[in-house]
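Visitor: I would like the atomic coordinates for the input below:
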Amino acid sequence: MLVAHSQTPFGEGYILNYDRFPFVLKYLCNWDNNFQKILDGGNHDSSDMQGPGYLISEEGKLYCDNIFDYDSWEYFEGELQGTERILQGVSSLMQDKIGIDIFLDAYQYMQNERNQALDIYTEEGLKLAGLTEIEDKK
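Guide: Purely as a prediction, here's the structure:
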């Protein structure tokens, strides 16, 4: 999880101050061994010191947008709160630590769509998806 310490306008029409908006970096387009693979995947914009990442909107929904000023990014060391906890699930999903099924069930749960299907997952899996210990036992 990262945060950026700049105020940046976004496609959704508002300015985020990243001190309270953690994000999960999708990739950073740079000249490394994977650069050609990134370009072949249709990702060509490495300008403006930016990279795409997953954030939680002010309405509590997950979306992907460009995050600018990568020289101001730092590791997020705070505690994820509310629906932003799904960012833990995004990170775990991107690292292949969990499957899409548990990710989607956890996301629905965090969107106040209580889902009884969570009973089929292990405590470790639920934590990787971003749910707390208290919720694990419910």
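
Visitor: all contacts plus neighbour counts: C-alpha atoms, from now on.
Guide: Fine.

Visitor: would you map out the domains in the chain?
Guide: Using automatic domain parsing, the domain parsing of the chain gives 2-75, 82-136.

Visitor: got a list of what Ile98 touches?
Guide: Taking CA atoms under 8 Å, 6 or more residues apart in numbering, we find Ile98 in contact with Gly89, Ser92, Gly125, Leu128, Ala129.

Visitor: state the phi and psi torsions of it.
Guide: Reported as degrees, to the nearest 10, the phi and psi values for Ile98 are phi -140, psi 160.

Visitor: just Cys64 next, same as before
Guide: Note on Cys64: its backbone torsions stand at phi -120, psi 130 [degrees, to the nearest 10].

Visitor: what do you get for Leu25?
Guide: Main-chain dihedrals, Leu25, degrees, to the nearest 10: phi -70, psi 130.

Visitor: buried residues in stretch 75-91?
Guide: Residues of stretch 75-91 classed as buried: Phe76, Leu80, Thr83, Glu84, Arg85, Ile86, Leu87, Gln88, Gly89, Val90, Ser91 (neighbour count, 16 or more other CA atoms under 10 Å).

Visitor: ok, now stretch 92-103?
Guide: Neighbour counts over stretch 92-103 (16+ other CA under 10 Å) mark Ser92, Leu93, Ile98, Ile102, Phe103 as buried.

Visitor: which one among the residues you listed gets closest to Asp119?
Guide: Here the nearest of these to Asp119, counting by CA to CA, is Ile102; it sits at 10.6 Å.

Visitor: alright, that wraps it up for me.
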